[in-house]
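Visitor: Okay, predicted coordinates and the sequence, questions at the end:
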Amino acid sequence: MSELEHYSLTVNGVERQVSDAWIGESLLYVLRERLGLPGSKGACEQGECGSCTVFVDNAAVCSCLVMAATAVGTQIATVEGLNDDGSLTDVQEAFITEGAVQCGFCTPGLVMAVHHLLDHNDSPNEQEIKEALSGNICRCTGYGRIFAAVDTVISVRKGVSS
Amino acid sequence: MTITKTQRDILGSSALRPDGISKVQGDFAFSSDLHAENMLWGATLRSPHPYARIVSIDVSGAWKIAGVECVITAEDVPGQLTYGLISEDQPVFARDVVRYMGEPVAAVAADHPETCRRALAAIQVVYEVLTPLTNPEHAIDASHEPIHPDGNIIRRQRIMHGDPTATAPIVVEGTYDIGMQDQAFLGTESALAIPDHDGAGVEVFVATQWLHEDRKQMAKCLGMPEEKVRLVLGGVGGAFGAREDISLQVHTALLAMRTSRPVKMQYGREESFFGHVHRHPAQIWMRHHANTDGRIVKIEARFVFDGGAYSSTSSAVLINGVTHTQGPYQCPNAVVDGYAVRTNNPPCGAMRGFGVVQACFAHEGQMDKLAAATGIDEVEIRLRNIIHTGDTMITGQVLESVAPLERCIRETAAMPLPAEMGSHPHELDLPGGSGRTADRRNIVRGIGWGVSMKNLMYSEGFDDYSTARCTLTNGSVELKFATSEVGQGFVTLAPQIARSVLGVDNVTYDTIDTQIGSAGSTSASRQTWMSGGAVDGACRMVRERLFEHVGAVHNIDPLRLAIDDTDIIDTVGTLRISVQEASANFSVSETYEYHHRKTEDLDENGQGNCHVAFAFVAHRAVVDVDVELGLVKVVQIATAQDVGRVLNPMSVTGQIEGGIAQGLGLAVMEEIIVTNGIVRNPSFTDYLLPTALDAPQVVISMIEVPDPQAPMGAKGVGEAPCISVTPAIVAAIRNATGKSIDRCPVRPQDICF
């Protein structure tokens, strides 16, 4: 293709060069195929399923709906950047211990969504949790173990034994 | 944070997924995450018409686009031109005629997905549009020309059992329609094919349910010996039946072979709707004859499953449907006729529940009609009719499985009902949820029941064995199997089995690929039983060898030895030695092939021992319905499920909750809308799936009665949760509205008008 672009994106605090890219590429495509960050998943490509959830300037967005070139100058955070040292966040740990992971395709997006929820509201009620996660489709779990994981994180953060 | 464990991850524990850490961190390699040096992208051109003659295909425009490396059509298929799971009736690429909207016509390989898209747009196909066959009844009455050389009827099966003239004072009948459901796994179809350097073979990383079956079909179409086609399981993002058939496997491998470069194909969501088979839409008529005490005397039924353009597993789905006509109830006399037919609608095949979902929707509707006609409570009428171990089914087969059905029903009935909706509920708790305008005053609560039985494993004489290898070296075990891990958790269960049998803690598993014998498909609730049985068998063989070794070293008869936690003990002496120590400098490897007992074909009257085993479940649904807007909120599902033995409580809970969500989807929202062969809603915007806001409270009881025929006593648990939950929800809607609703999913207009 002739219409190729060069730009840089700040991903997980690091400036990354994007070279020879078609202008039409989504942020999801650039993260996965050009920057070696496949943790964000593509499952619907129209913002319905949340599998591609990342933070752009601390807002949780579907990266499939963001044109990568429009994210120049923003702070982009992906699931790979949640913990620099490779250890688990409390949300990730709770997803494992509560059985919230089956096939795992929705998991990175849901982990991001739960972090986003709990970083803005440390004691959400049931409706707030369900509404916050309603943009992330999980086809395996029926959501029961995901709710259990969220409840566990809330309890642990409050210092209550789960 | 680090996860600390306090108990051994043996059978019965909620062992954690070994792939959990990589999945929560985004490191787990799904097939769509794979890359290879110098890789090309592949893409498929599909028919826009449900039925048309291909007049000409001109691919020259695609070749002119810079970056395009390969364009292939039916002319380029080197081996067999068609494939299929049961009947090889589906073309790799359509050649003379397209038979459904979305049928592959050509494929390209290029340097970028966008280049692929432009190349597909540049291929000129001239079609002569034909009148599609879209009404399944027209396939049966022969009013439409054959749309395929194999004809329009894929299979017909009758069941004649007992006295066909029998009747009884109470007669109820109904015609039930079940919509076309999509599996909607999140990880769309994807594969990476890497050609061998010598050009004579190919390695394919693919998300599938059955590596060996894929390989068999691929090798035929590629015109290569099977050993030249090596399959490796790419990470699988859910399956639910949709990965049982070939989709992009042959196309990807062929593009790689032709270009001598690695090729990756990945469907987008819209293409995924066209790229795999769906749950059969069905119309089922049933007439039940019963005595005034509610006991069933005879069932008459007629099934029509719309198989779509190609046969896939339609013939097996039909058999599952007709043989489950009676549901989990005694029935001495039956007259059943069933068809699976070919139309120009989307091809249908395997989805969780496989024919039994459709049958159950009808027989449970009938049980409620029977309850109403006899004035007997809907729980009591079911209890009066339930089938027991030793009863003869309408196929003449004697039910041998453990059948704790009464416990399933009674324990479900004993579960507490949810609180009534308050006078000022949160808007998200109203039917329709956020942004809707449901009014508390229009909301009516309803309760409904569904009970089912489901066959486990494959039927009709098919020997769907599984293979596993266990290698013990210096106190560590490595397992090898070709069992597709699709999310269900076999990779969690297999090490649990090894720890329990061998008393070791360090258990790993090798790459899941075709470098060992087949494991059969991850479907039909069969892997815990079949591949679990294979792993259990291999570990037991290794244990015997270890005992022989320890016996020789300590001069003890090996028959006296046993595993106690992580030790080997002499059961009649004092020796106690850790497995770790006993297996130091010792290595043994054993392979085991597990087969279930033989089954038989059905005869022309539908008689025969065609199924291996059965599992049972009861569901009670509570719904709130806005009767003016036709909106439904499923408030609670209570369920008691016959699981045999719980091998991992957290995994079983996940299967039950997940299956219920899928059954809920079929009850109130999920349907592929097809009009005149055209799919109207191939996207997650228009095909609605249950979200967190739709998730009901789920109350679970796991009924543990170990089945002596099952390895480890455990029945498969994957399908039962999604079968009778659908009729339970629809019954609850009927209960709330008083409307006679005999179709699913239930749409607002079914309630309002």
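Guide: Arrived safely.
Visitor: Quick check: mean pLDDT of the helix or strand harbouring B:Ala638?
Guide: Under the criterion of DSSP states H and E, B:Ala638 resides in strand B:631-642. For strand B:631-642, mean pLDDT rounds to 97.
Visitor: Same question for stretch B:262-277.
Guide: Stretch B:262-277 comes out at a mean pLDDT of 98.
Visitor: Look up how far B:Pro721 lies from B:Ala613.
Guide: 17 Å (Cβ to Cβ, to the nearest Å). To be clear about C-beta, it is placed using only N, CA and C from the backbone, and glycine gets the same treatment.
Visitor: now A:Glu33
Guide: For A:Glu33, the distance to B:Pro721 - Cβ to Cβ - is 37 Å.
Visitor: Comparing those two, which residue is more hemmed in?
Guide: More crowded of A:Glu33 and B:Pro721, by other Cβ atoms under 10 Å in any protein chain shown: B:Pro721, with 31 against 16.
Visitor: is it true that that one lies in a helix?
Guide: Yes. Under DSSP: H, G, I helix; E, B strand; the rest coil, B:Pro721 sits within a helix.
Visitor: contacting residues around the residue lying closest to it once chain neighbours are set aside?
Guide: In this structure, B:Pro721 finds its nearest non-sequential neighbour in B:Gly659, 2.7 Å apart by Cβ to Cβ, 6 or more residues apart in numbering or on different chains. Going by Cβ atoms under 8 Å, 6 or more residues apart in numbering or on different chains, B:Gly659 touches A:142, B:352, B:718-722, B:725.
Visitor: rerun at 7 Å
Guide: Neighbouring residues of B:Gly659 by Cβ atoms under 7 Å, 6 or more residues apart in numbering or on different chains: B:352, B:718, B:721-722.
Visitor: which of those lies closest to B:Val379?
Guide: Lowest distance from B:Val379 to those (Cβ to Cβ) belongs to B:Pro721, with 19.7 Å.
Visitor: thought the closest one was touching B:Ile656?
Guide: Yes. The pair B:Pro721 / B:Ile656 is scored as a contact, 4.5 Å apart, by Cβ atoms under 7 Å.
Visitor: for B:Ser47, what are its contacts?
Guide: B:Ser47 neighbours (Cβ under 7 Å, 6+ apart): B:94, B:98, B:101-103, B:105.
Visitor: run the last query once more with 10 Å
Guide: B:54, B:94, B:97-105, B:125, B:127, B:274 (Cβ atoms under 10 Å, 6 or more residues apart in numbering or on different chains).
Visitor: Just want the residue of the stretch 251-400 of chain B that's nearest chain A.
Guide: Closest contact between the stretch 251-400 of chain B and chain A, by Cβ to the nearest Cβ, is at B:Arg269 (4.6 Å).
Visitor: quick one, phi psi at B:Ile65?
Guide: phi -80, psi 130 (degrees, to the nearest 10).
Visitor: Name the nearest residue to B:Gln124, sequence neighbours excluded.
Guide: B:Gln124 sits nearest to B:Asp58 (Cβ to Cβ, 6+ apart), 4.1 Å away.
Visitor: State the number of residues packed around that neighbour.
Guide: 11.
Visitor: B:Tyr339 against B:His280, yeah?
Guide: No. At 11.1 Å, B:Tyr339 does not count as touching B:His280 under the criterion of Cβ atoms under 10 Å.
Visitor: Counting neighbours, go ahead and name the busier of these two.
Guide: Neighbour count, other Cβ under 10 Å: between B:Tyr339 and B:His280, B:His280 has more, with 33 against 24.
Visitor: any idea how far the more buried one is from B:Phe28?
Guide: 33 Å.
Visitor: What of A:Glu5?
Guide: A:Glu5 is 31 Å from B:Phe28, by Cβ to Cβ.
Visitor: between those two, who's got more neighbours?
Guide: Neighbours per residue, other Cβ under 10 Å: of A:Glu5 and B:Phe28, the larger number sits with B:Phe28, 22 against 14.
Visitor: Next, the more buried one: phi, psi?
Guide: The phi/psi pair for B:Phe28 (degrees, to the nearest 10) is phi -60, psi 130.
Visitor: So it sits against A:Thr107, correct?
Guide: Yes. Taking contacts as Cβ under 10 Å, B:Phe28 lies within contact range of A:Thr107: 8.4 Å.
Visitor: Overlap in contacts, those two.
Guide: By Cβ under 10 Å, 6+ apart, the residues touching both B:Phe28 and A:Thr107 are A:39, A:101, B:20, B:22, B:237.
Visitor: What pLDDT is listed against the fourth one?
Guide: Model confidence at B:Ser22, expressed as pLDDT, equals 97.
Visitor: Please give the element, helix or strand, for residue 154.
Guide: No chain specified, so I'll use chain A. helix A:144-157.
Visitor: Actually, chain B is the one I wanted.
Guide: strand B:153-161.
Visitor: Show the average pLDDT along whichever helix or strand comes after that strand.
Guide: Counting by DSSP H and E, the next helix or strand C-terminal to strand B:153-161 is strand B:170-178. Averaged over strand B:170-178, pLDDT sits at 98.
Visitor: hmm, back to that, ok, the residue nearest to B:Gln124 touching B:Lys64?
Guide: No. The criterion here is Cβ under 10 Å, and B:Asp58 misses it with B:Lys64 at 11.4 Å.
Visitor: Now do the shared contacts for these two.
Guide: With Cβ under 10 Å, 6+ apart as the test, B:Asp58 and B:Lys64 both reach B:Ala122.
Visitor: Quick one: residues contacting the residue of the stretch 251-400 of chain B closest to chain A.
Guide: Here B:Arg269 is in contact with A:42-46, A:48-49, B:184, B:186, B:188, B:682-685, B:687 (criterion: Cβ under 10 Å, 6+ apart).
Visitor: List the contacts of the residue of chain A found nearest chain B.
Guide: Closest contact between chain A and chain B, by Cβ to the nearest Cβ, is at A:Gly39 (2.1 Å). A:Gly39 makes contacts with A:31-32, A:52, A:54, A:78-82, A:107-109, A:111-112, B:23-28, B:33, as judged by Cβ under 10 Å, 6+ apart.
Visitor: Tell me the pLDDT of it.
Guide: On the pLDDT scale, A:Gly39 gets 98.
Visitor: Repeat that for B:Gly375.
Guide: pLDDT, read off for B:Gly375, is 98.
Visitor: what does the one 4 residues further on give?
Guide: At B:Val379, the predicted lDDT confidence score is 98.
Visitor: Skipping adjacent residues, who's closest to it in space?
Guide: B:Ala413 (5.4 Å).
Visitor: Could you check how far the one you found is from B:Leu405?
Guide: 13 Å.
Visitor: Look at the two and report which has more neighbours.
Guide: More neighbours surround B:Leu405 than the other of B:Ala413 and B:Leu405, with 27 against 17 (other Cβ under 10 Å).
Visitor: So that one is in contact with B:Met453, correct?
Guide: Yes. Counting by Cβ under 10 Å, B:Met453 is a contact partner of B:Leu405 at 7.6 Å.
Visitor: any shared contact partners between those two?
Guide: B:328-329, B:386-387, B:614, B:616-617, B:642.
Visitor: Tell me how many other residues crowd A:Thr89.
Guide: A:Thr89 has 18 nearby residues by other Cβ under 10 Å.
Visitor: Could you identify which of the shared contacts of B:Phe28 and A:Thr107 has the most neighbours?
Guide: That'd be A:Val101 among these, by other Cβ under 10 Å, with 33 neighbours.
Visitor: Dihedrals phi and psi, it?
Guide: phi -110, psi 120.
Visitor: go on, A:Pro124?
Guide: The phi/psi pair for A:Pro124 (degrees, to the nearest 10) is phi -70, psi 150.
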